[in-house]
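> have a look at this prediction, sequence included:
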Amino acid sequence: VVIEPRYDMAGPFSEGYAVVSKDHWWNTSLIDKAGRAALNLDVHPDVFGMNYSGFSEGLVFGFVKDKPLAVYMDKDGKIAISFRKTDKHGAIVQCTPFSEGLAAVRYSRNWGYIDRTGKMVIAPEYVHVTPFRQGFACVSIADKKNGVERWRNFIIDEKGTKIKQIPWTTYGGFSEGLVP
């Protein structure tokens with residue numbers, strides 16, 4: 001055993017660190033592969049509720065305590081991307097790790113994608129998204145007809161252009177040119 005079990009939750013190691021928590025899921029911190037607390041959190045100790053997926057493309061998602069800010073923090077503990085928990089799209093509920101320079105951001109019910117500057121580059125109109133892989137992502141749009149919600153599923157490119165409608169909802173990204 002390299003790291004003794006002492007956390008309530010722990011994510012996988014990614015880019016040298018793992019997100020862990022004690023007592024509550026939002027009380028997160030970072031550890032290195034030896035189980036030591038990551039020193040870089042001293043730079044910005046108010047970041048909490050980090051995504052358990054951990055670092056991706058050098059950034060990890062979290063929230064700032066006592067402020068209406070959602071952030072991506074770099075490995076030096078500095079805020080790289082910061083945006084209000086609410087904006088013209090609504091309340092930020094969730095963000096995903098970056099993949100191919102884009103991260104999915106969920107506002108209220110719908111998902112869109114931001115770039116590494118925090119700019120919304122694909123509007124939040126989707127009820128389901130996958131990460132970008134090999135230049136493509138799978139998304140779902142909800143349509144309501146006669147009180148029944150149905151999802152239409154698409155493959156989109158990095159500009160948000162719908163490339164092809166597909167007859168199923170996928171929960172994985174492209175791999176070796178194929179989508180599950």
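Great, that's in hand. Values in this document were obtained by computation on a predicted structure and should not be read as measured data.

> ranking helices and strands of this protein by mean pLDDT, which lands last?
strand 86-87 (a mean of 59; mean pLDDT, DSSP states H and E).

> need the outlier residue of this structure, farthest from its centre.
Relative to the centre of the chain, the most outlying C-alpha is that of N146, 33.3 Å out, by C-alpha atoms, centre = their mean.

> find the nearest non-adjacent residue to the residue positioned nearest the centre of the chain, please.
The centroid of the chain falls nearest to T96 when counting by C-alpha atoms, centre = their mean (0.8 Å). Ranked by C-beta to C-beta, 6 or more residues apart in numbering and with sequence neighbours excluded, the top spatial neighbour of T96 is A104, at 4.3 Å. Any C-beta I mention is one placed from the backbone N, CA and C, and that applies to glycine too.

> before we move on, what about H128?
The shortest distance from H128 to any non-neighbouring residue, by C-beta to C-beta, 6+ apart, is to S140 (3.9 Å).

> kindly report the same for P131.
Nearest one to P131, counting by C-beta to C-beta, 6+ apart, is S99 at 3.8 Å.

> who's that neighbour bridged to?
L102 (DSSP bridges).

> any idea how far F136 is from it?
Per C-beta to C-beta, to the nearest Å, S99 is found 11 Å from F136.

> returning to what we had before: and the residue farthest from the centre of the chain, how far from M9?
42 Å.

> how about V105?
In terms of C-beta to C-beta, V105 sits 22 Å off from M9.

> between the two, which has more neighbouring residues?
V105 (24 against 13; other C-beta atoms under 10 Å).

> what helix or strand is the more buried one on?
According to DSSP states H and E, V105 maps onto strand 103-107.

> could you identify the helix or strand that succeeds that strand?
Counting by DSSP H and E, the element after strand 103-107 in chain order, helix or strand, is strand 110-114.

> any chance you could list what contacts that next one?
Contact partners of strand 110-114, identified using C-beta atoms under 8 Å, 6 or more residues apart in numbering, comprise 81, 89, 102-105, 120-129, 132, 137, 139, 160.

> please redo it, this time with the cut-off set to 10 Å
Strand 110-114 has contacts (C-beta atoms under 10 Å, 6 or more residues apart in numbering) with 72, 81, 83, 89-90, 93-96, 98-99, 101-106, 119-132, 137, 139-142, 156, 158, 160.

> now those: which count as buried?
Applying 16 or more other C-beta atoms under 10 Å to the contacts of strand 110-114, the neighbour count classes 72, 81, 83, 89, 95-96, 98-99, 102-106, 120, 122, 124, 126-132, 137, 139-141, 156, 158, 160 as buried.

> inside strands: which ones of the residues you listed?
Secondary structure defined by DSSP state E assigns 72, 81, 83, 95, 103-106, 120, 122, 124, 126, 128-129, 137, 139-141, 156 of the buried ones among the contacts of strand 110-114 to strands.
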